[in-house]
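Trainee: how does the following fold in three dimensions:
(chains A and B)
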There are 2 protein chains.
Amino acid sequence: MSAAAAAKPILYSYFRSSCSWRVRIALALKGISYDLVPVNLIKDGGQQFSAEFKALNPMQQVPALKIDGITLSQSLAIINYLEEVHPNPRLLPQDPKKRAQVRMIADHIASGIQPLQNLSVLKQMGEKKIEWAQNCITSGFQALEQILQHTAGRYCVGDEVSMADLCLVPQVANAERFKVDMGPYPTITRINKVLLELEAFKISHPSRQPDTPAELRA
Amino acid sequence: MSAAAAAKPILYSYFRSSCSWRVRIALALKGISYDLVPVNLIKDGGQQFSAEFKALNPMQQVPALKIDGITLSQSLAIINYLEEVHPNPRLLPQDPKKRAQVRMIADHIASGIQPLQNLSVLKQMGEKKIEWAQNCITSGFQALEQILQHTAGRYCVGDEVSMADLCLVPQVANAERFKVDMGPYPTITRINKVLLELEAFKISHPSRQPDTPAELRA
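Mentor: Numbering: from 1, shown residues only, chains lettered A, B, ... in the order given. Below you'll find the predicted structure:
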């Protein structure tokens, strides 16, 4: 094993970034210890835009993970890599059709909801910011609630925690932050609640990060 | 094999949808024959909003693929499923680090660029529509061009066609449609050109679909 491969992974993360939270959950579930480097998306006009961080991740976004001698970005790409090199506990079901449903739900959130309500888009919306975020999440959750009718057991797809669940919980936290009425989404609400009781979801929570401001700490 | 599993897959597609094109390329590369049902995203206020289509795909988006008795949506979830059940030719490299780079690039396009310039977002932008789309693509391509410096061979990652390439070509087509200056992206431009010479990219092209309007046909 090379020195780079033996080093502890470094996660570049922001406490409130929902995409960073997805990766923190995966690392916690798989029991991978890591060092966390906070990147404040607000301070100094956004530390992700620094020359130093841009050299690390040209996408100028968190999360990024230095691991095994490479630097990865894009939360689901990172989680898929972790799944391949640390397969236990698995975050994708064994059955290919169920795996596809997990990926469909994860991508629905990661491509269909989150990008439309992330910080960089909202910045450009001015006073329509909150309304815009609510509309994106509401329309995404309407579809998701229907899909979950067909796929959910205890969790998003059956009774095993999967990549879909890693996307669900941080997206619900965003919905709550933007004061989306969760009444029409009983299945989403139920699954979110059960997941939040799991240790990996608790320790990775935005309220318990090294960079969580004192007034938001759990 | 059940009747459902034996049936030919049905792809719900729109000729100009970049996400539909990704799936058409995958089907072509893997030599999977399918029936195509066009869904016109413009006509009748958008056929994806019909009750009939919503019952099929609650996300009210194309592509959707009926296959093996299930209906999948989200282009990358569909492509991952095809990769698992029809592994040849493979669209993910064997090396886990290279696989991660493929997924990072695919997700950068599928989550970081395309959703911000898709039809449903642009509709809400009014007269700022073109400028908005150009900005999203430009900022995404700046990052992508840098990433490709580290990953590219003949194609996006090394010398094998991968999921990243299936996302690249349709995104470049969108960039051209929005008249983005491609000058600053020589690597993207080079790879796009080489890929467009492959038969699978040609026959799946928006200019050669059953629903391509006569004036846009190749």
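
Trainee: for chain A, what spans make up the helices?
Mentor: Listed in chain order, the helices of chain A (DSSP state H) span residues A:3-6, A:18-29, A:51-56, A:75-85, A:96-112, A:119-122, A:129-151, A:163-177, A:186-196, A:199-203.

Trainee: the fifth one vs helix A:129-151, what angle?
Mentor: When you say that, I think you mean helix A:96-112. 170 degrees (axes from the mean of the first three to the mean of the last three CA atoms, to 10 degrees).

Trainee: so how far is helix A:96-112 from its chain's centroid?
Mentor: Relative to its parent chain, helix A:96-112 has a centroid offset of 14 Å by CA atoms, centre = their mean, to the nearest Å.

Trainee: what's the closest non-adjacent residue to A:Leu41?
Mentor: Using CB to CB, 6 or more residues apart in numbering or on different chains and skipping the chain neighbours, the partner closest in space to A:Leu41 is A:Tyr14 (4.9 Å). C-beta coordinates here come from the backbone N, C-alpha and C atoms, glycine included.

Trainee: okay if I get the helices of chain A as a markdown table plus mean pLDDT and distance to B:Val194?
Mentor: As requested, these are exported to a markdown table (pLDDT from 0 to 100; distance: least, CB to CB, whole Å):
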| stretch | mean pLDDT | distance to B:Val194 |
| --- | --- | --- |
| helix A:3-6 | 54 | 32 |
| helix A:18-29 | 98 | 32 |
| helix A:51-56 | 92 | 28 |
| helix A:75-85 | 98 | 23 |
| helix A:96-112 | 98 | 26 |
| helix A:119-122 | 85 | 32 |
| helix A:129-151 | 96 | 36 |
| helix A:163-177 | 98 | 32 |
| helix A:186-196 | 98 | 43 |
| helix A:199-203 | 98 | 43 |
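
Trainee: need these in a markdown table (columns: distance to chain B and mean neighbour count).
Mentor: Putting the helices of chain A into a markdown table (distance: least, CB to the nearest CB, whole Å; neighbours: other CB atoms under 10 Å in any protein chain shown) gives the following:
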| stretch | distance to chain B | mean neighbour count |
| --- | --- | --- |
| helix A:3-6 | 10 | 9 |
| helix A:18-29 | 9 | 25 |
| helix A:51-56 | 9 | 13 |
| helix A:75-85 | 4 | 23 |
| helix A:96-112 | 4 | 24 |
| helix A:119-122 | 7 | 17 |
| helix A:129-151 | 4 | 18 |
| helix A:163-177 | 10 | 24 |
| helix A:186-196 | 12 | 16 |
| helix A:199-203 | 21 | 16 |
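
Trainee: now render those as JSON lines, adding distance to A:Ile67.
Mentor: Below are the helices of chain A laid out as JSON lines (distance: least, CB to CB, whole Å):
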{"stretch": "helix A:3-6", "distance to A:Ile67": "9"}
{"stretch": "helix A:18-29", "distance to A:Ile67": "10"}
{"stretch": "helix A:51-56", "distance to A:Ile67": "13"}
{"stretch": "helix A:75-85", "distance to A:Ile67": "7"}
{"stretch": "helix A:96-112", "distance to A:Ile67": "20"}
{"stretch": "helix A:119-122", "distance to A:Ile67": "25"}
{"stretch": "helix A:129-151", "distance to A:Ile67": "30"}
{"stretch": "helix A:163-177", "distance to A:Ile67": "17"}
{"stretch": "helix A:186-196", "distance to A:Ile67": "25"}
{"stretch": "helix A:199-203", "distance to A:Ile67": "18"}
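
Trainee: figure out which of these is closest to B:Ala28.
Mentor: helix A:96-112 (19.6 Å; CB to CB).

Trainee: what helices or strands is the closest one leaning on?
Mentor: The contact analysis (3 or more CB pairs under 8 Å, 6 or more residues apart in numbering or on different chains; DSSP states H and E) places helix A:96-112 against helix A:75-85, helix A:129-151, helix A:163-177, strand B:70-73, helix B:75-85, helix B:96-112.
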